[in-house]
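Q: got a predicted model here, sequence first, then my questions.
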Amino acid sequence: MFYTYIILCNDDSFYTGITYDIRKRLAEHSSGSVPFTKNKAPLKLVFFKELNTREEAARLEKEIKGWRREKKMNLIEKFASNNSLH
């Protein structure tokens, strides 16, 4: 299984990525080992979707990265209303 995920950074920017181990990847982001999020803590996971293949995850990642902020916010709000991230 693979995941496409979105992290909200402290500067209100989003980081969208893919991984096969979401907990490990979030730990990497939090530790500062991912350049884009290195100085943007605290970080908050605001969306993730489990997919069957790396190709599917990469396709969704690319799609989301092409969206305007408003569309990303709508996705995140819908996700939050269906899942407990607290």
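A: It's in.

Q: helices of the chain, start to end?
A: Taking DSSP state H as the test, the helices found in the chain are 22-31, 54-65, 69-82.

Q: closest to K40 out of the ones you listed?
A: helix 22-31 (8.8 Å; Cβ to Cβ). Placement of C-beta: from N, CA and C, glycine included.

Q: can you put the helices of the chain in JSON lines and add mean pLDDT and distance to C9?
A: Formatted as JSON lines, these follow (pLDDT from 0 to 100; distance: least, Cβ to Cβ, whole Å):
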{"stretch": "helix 22-31", "mean pLDDT": "93", "distance to C9": "9"}
{"stretch": "helix 54-65", "mean pLDDT": "98", "distance to C9": "15"}
{"stretch": "helix 69-82", "mean pLDDT": "94", "distance to C9": "13"}
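
Q: out of those helices, which is closest to L8?
A: Closest approach to L8 among these is made by helix 69-82 (7.9 Å; Cβ to Cβ).

Q: right, and the helices of the chain - which one's nearest D12?
A: Among the helices of the chain, helix 69-82 sits nearest to D12 (Cβ to Cβ), with 9.3 Å.

Q: now do the closest one and helix 54-65, the angle between them.
A: Orientation check (axes from the mean of the first three to the mean of the last three Cα atoms, to 10 degrees): helix 69-82 against helix 54-65 gives 120 degrees.
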